[in-house]
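Novice: have a look; sequence and predicted model below, questions after that.
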Amino acid sequence: MSKKKVLVIVAHQDDETIGCGGTIYQHYLKGDQVFCLSFTDGVSARGFMNKKNLKIRQNSSIKASKILNFKWVENNQIFEDNKLDKYPLLDLIKVIEKAKSKIKPDIVYTHYFKDLNVDHNAVSMATITAFRPLKNEKCKEILFFEVPSSTDYSPHQFSPNYFIEISKYWEIKKRALLAYGSEIKDQKTSRDLNSLKTFYKFRGNSVGLKMCESFFIFKKLS
């Protein structure tokens, strides 16, 4: 089986690990190359943006990438956190098209386009547009993932139609999640570690499996 190039396009660093960290690791085990593209710093909207917090966030994302074995795509144009809906969609598309031209991915993972989070919405719509059907388009698959506390809060229900078993790789994914520190630990929310584990079990149990990451297939060509 030929090796594939995979591009995960996210609004914030940590979305990739929460949404499809176990799947990313399984791509690595198959010999696929996995790249992740992020748009924002992920912390500035919370009112405590400074060089120290930004550095912590960057180091966390590097740790997660080493655990899951993917590479971050260099993005020199970082947008304001929680304000991606204020930018022209074309600005986001250009960033994606630059990565697309360099990587030429076979498979793309991104946010659900009806996610409650405005950044997730914007990135999803930009991704769909950047990979619209054109002559010589290499990408054969586009899948939407979910981010608990965001996708599940939307009035537009996420109805997954593709499930990937991750129970064997939970400890790896757990390490990557914990690399993000306070984002995951002891929050008593739907994004703390215990809640996330329960959520993945729920998705798995819904299809007769132990633990799953779930997706909606937007496009799949053979």
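Specialist: Received the coordinates, thanks. Residues are numbered from 1 along each chain as shown.
Novice: the closest residue to residue 148 other than its chain neighbours: how many residues sit nearby?
Specialist: Distances taken as CB to CB, 6 or more residues apart in numbering put residue 190 closest to residue 148, at 4.7 Å, once the chain neighbours are dropped. From N, CA and C alone the C-beta is placed, and that goes for glycine too. Here the count is done by other CB atoms under 10 Å, and residue 190 has 15 residues near it.
Novice: check the one 4 residues further on too.
Specialist: The burial count assigned to residue 194 is 11, neighbours taken as other CB under 10 Å.
Novice: residues in contact with the host helix or strand of it?
Specialist: Counting by DSSP states H and E, the element that carries residue 194 is helix 193-205. By CB atoms under 8 Å, 6 or more residues apart in numbering, the list of residues contacting helix 193-205 from outside reads 18, 22, 148, 160, 163, 165-167, 170, 174, 177-178, 184-185, 189-190, 210-214.
Novice: buried stuff in that helix?
Specialist: Across helix 193-205, burial judged by 16 or more other CB atoms under 10 Å covers 195-196, 199-201, 203-204.
Novice: need those residues in TSV (columns: distance to residue 133).
Specialist: Formatted as TSV, the entries for the buried residues of helix 193-205 read as follows, by distance: CB to CB, whole Å:
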residue	distance to residue 133
195	38
196	35
199	33
200	33
201	37
203	30
204	33
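Novice: for the helix or strand of the chain with the lowest mean pLDDT, list the C-alpha coordinates in PDB.
Specialist: For the chain, using mean pLDDT, DSSP states H and E, the weakest element among its helices and strands is helix 51-68, scoring a mean of 87. Written as PDB, here are the backbone C-alpha positions of helix 51-68 (Å, rounded to 0.1, in the frame of the first residue of the first chain):
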ATOM      1  CA  LYS A  51       5.500  36.200  25.700                       C
ATOM      2  CA  LYS A  52       5.600  33.600  28.600                       C
ATOM      3  CA  ASN A  53       2.200  32.100  27.900                       C
ATOM      4  CA  LEU A  54       2.800  32.100  24.200                       C
ATOM      5  CA  LYS A  55       6.100  30.300  24.600                       C
ATOM      6  CA  ILE A  56       4.400  27.700  26.900                       C
ATOM      7  CA  ARG A  57       1.800  27.100  24.200                       C
ATOM      8  CA  GLN A  58       4.400  26.800  21.500                       C
ATOM      9  CA  ASN A  59       6.400  24.300  23.600                       C
ATOM     10  CA  SER A  60       3.300  22.300  24.300                       C
ATOM     11  CA  SER A  61       2.400  22.000  20.600                       C
ATOM     12  CA  ILE A  62       6.000  20.800  19.900                       C
ATOM     13  CA  LYS A  63       5.700  18.200  22.600                       C
ATOM     14  CA  ALA A  64       2.400  16.900  21.200                       C
ATOM     15  CA  SER A  65       3.800  16.800  17.700                       C
ATOM     16  CA  LYS A  66       6.800  14.700  18.900                       C
ATOM     17  CA  ILE A  67       4.500  12.300  20.800                       C
ATOM     18  CA  LEU A  68       2.100  11.800  17.900                       C
END
